[in-house]
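Novice: Sequence and predicted structure, then a few things I'm wondering about:
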Amino acid sequence: MKEKMEGLKQEVICKLQDASDLKMLNELRTTYLGKKGPISALSSMMGSLSTEEKKEFGKALNDLKDEVNTLVEKRKEELERIEMERKLKEDTIDITLPSTKVHVGGTHPITKVIDEVEELFTSMGYDVVEGPEIEQDLYNFEKLNLPKGHPARDSQDSFYITDEMLLRTQTSAVQARTMEANSEKGPIRMICPGKTYRRDNDDATHSHQFTQIEGLVIDQNISMADLKGTLEIFAKKMFGEDRTIRFRPSFFPFTEPSIEVDVSCFKCGGVGCSLCKGNGWIEILGAGMVHPNVLRDNGYDPEKYTGFAFGIGPERVAMLKYGINDIRNFYTNDVRFLNDFNRVNGGDK
Ligand code: PHE
């Protein structure tokens, strides 16, 4: 009997070495220690033994069980250690390898200009509002003192969808919407950035789709001096502290008087260079005092309220500010142009 047990033990030791993974080890454990295993079979032989022999044999059998158990546990630990070492080896990171480049996008130049303008005007208490790009003729023209058949409509060749609907040609449509929506007909201070569309043949300075930032202020006693002060702050922020501005008379149907605003050339400081075409000034935007008809048509009493409006062209600002010479670069989304722009202008915020 003793030899048999010793034999079993040797057999287990031998097989344990062959158990090369945890699954095999588990199978081995069940084979030897399970109910149908050789150790169980030995204990069923105990019935035929005397009490003395039973004691001795029982103890020996228990010892054998314990020993086999310990051997299996030991092998288990060993296998787990081997497995862990294998994994660690596999997962080794070679820190000398060059890293994979992660491409990070940057802010589009037009977005950058719009963000800057929004930041400036919100800091002066303006609201940022939005309006629809598919607009009614009513807001895009009629309520802006541009009745049907008005010759000034010709200067904004439009994409009509129906007789009454079009892709807005100017964010000025949002002037009318904002005045109309202000049920108390109280003061307004807003800017409205957004996309606009005109039937233009695309070239270096024209695009059938572009952006505008509308500005509108309405209150009592608003004068042209307020407009000039506001636009001067804008010019300094966008083109540098030393800038001055000047007004030139112009015409827009929804403002009276209407003006075009020039900024002193930021390249030559006003003496004349290629950027300002030698005259020291660069045209940056159109503006004016809100026409009394527009105030009246949108529910404001022109005897009580006055206001100013302006329209900024972010493309023009970006082209001047960042030295971009083709407006199409903004819309063709050539990643080389965008990367160049972000490299020179400090990438994303
Ligand atoms: N909407 C005008 C344009 O597109 C610009 C403008 C806006 C002029 C507001 C005056 C006041 O040309």
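Specialist: Happy to help now that I have it.
Novice: Every contact and neighbour count from this point should use C-alpha atoms.
Specialist: Noted.
Novice: Next one: stretch 185-194, is it in contact with the ligand?
Specialist: No: for a cut-off given as C-alpha under 6 Å from any ligand atom, stretch 185-194 has no contacts with the ligand; the smallest distance is 10.5 Å.
Novice: Contacts for that stretch, please.
Specialist: With C-alpha atoms under 8 Å, 6 or more residues apart in numbering as the test, stretch 185-194 has contacts from 114, 118, 121, 125-131, 133, 171, 174, 179, 211-220, 299-300.
Novice: Restricted to buried residues, select those residues in PyMOL.
Specialist: Here is the PyMOL command that picks out the buried ones among the contacts of stretch 185-194, judged by 16 or more other C-alpha atoms under 10 Å:
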select buried, resi 114+118+121+126+127+128+130+131+133+171+174+179+211+212+213+214+215+216+217+218+219+299+300
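Novice: Among the contacts of stretch 185-194, name the ones in helices.
Specialist: Secondary structure from DSSP state H places 114, 118, 121, 174, 179 of those in helices.
Novice: Out of those, which is nearest to the ligand?
Specialist: Comparing the ones in helices among the contacts of stretch 185-194 against the ligand with C-alpha to the nearest ligand atom places V174 closest, at 10.2 Å.
Novice: ok, the closest one to V129 distance?
Specialist: When distance is defined by C-alpha to C-alpha, to the nearest Å, V174 is 8 Å away from V129.
Novice: Show me what from the stretch 51-200 of the chain comes close to the ligand.
Specialist: The stretch 51-200 of the chain comes close to the ligand at residues 170, 172, as judged by C-alpha under 6 Å from any ligand atom.
Novice: repeat that with 8 Å
Specialist: Where proximity means C-alpha under 8 Å from any ligand atom, the interface of the stretch 51-200 of the chain facing the ligand comprises 156, 169-172.
Novice: helix, strand or coil for E256?
Specialist: With DSSP: H, G, I helix; E, B strand; the rest coil as the basis, E256 sits in strand.
Novice: OK, contacts around V290?
Specialist: Per C-alpha under 8 Å, 6+ apart, neighbours of V290: 254-256, 306-309.
Novice: Next, give me the two most distant ones among the residues you listed.
Specialist: The span of those, defined through C-alpha to C-alpha, is set by F254 and T306 at 12.7 Å.
Novice: Neighbour count: the two, which is higher?
Specialist: Shown here are F254 and T306; by other C-alpha atoms under 10 Å, F254 has more neighbours (25 against 22).
Novice: ok, now how distant is the more buried one from F141?
Specialist: Counting by C-alpha to C-alpha, the gap from F254 to F141 is 9 Å.
Novice: Report pLDDT for the residue in the chain sticking out farthest from the centre.
Specialist: Here the centre of the chain is the reference, and by C-alpha atoms, centre = their mean the most remote residue is S50, at 86.7 Å. The per-residue pLDDT reported for S50 equals 84.
Novice: now D340
Specialist: 89.
Novice: so what's P109 closest to, chain neighbours aside?
Specialist: A318 (6.5 Å; C-alpha to C-alpha, 6 or more residues apart in numbering).
Novice: my bad, should have said G307
Specialist: I218 is the one closest to G307 (C-alpha to C-alpha, 6+ apart), at 4.1 Å.
Novice: Hmm, the one you found is touching F308, no?
Specialist: Yes: using C-alpha atoms under 8 Å, I218 is in contact with F308, at 6.7 Å.
Novice: What is the helix or strand containing K89 packed up against?
Specialist: Assigned by DSSP states H and E, K89 belongs to helix 51-90. Packing contacts for helix 51-90, counted by 3 or more C-alpha pairs under 8 Å, 6 or more residues apart in numbering; DSSP states H and E, involve helix 2-18, helix 22-33, helix 38-43.
Novice: Out of the ones you listed, flag the one nearest the ligand.
Specialist: Checking the helices and strands packed on helix 51-90 against the ligand by C-alpha to the nearest ligand atom gives helix 22-33 as the closest, at 77.2 Å.
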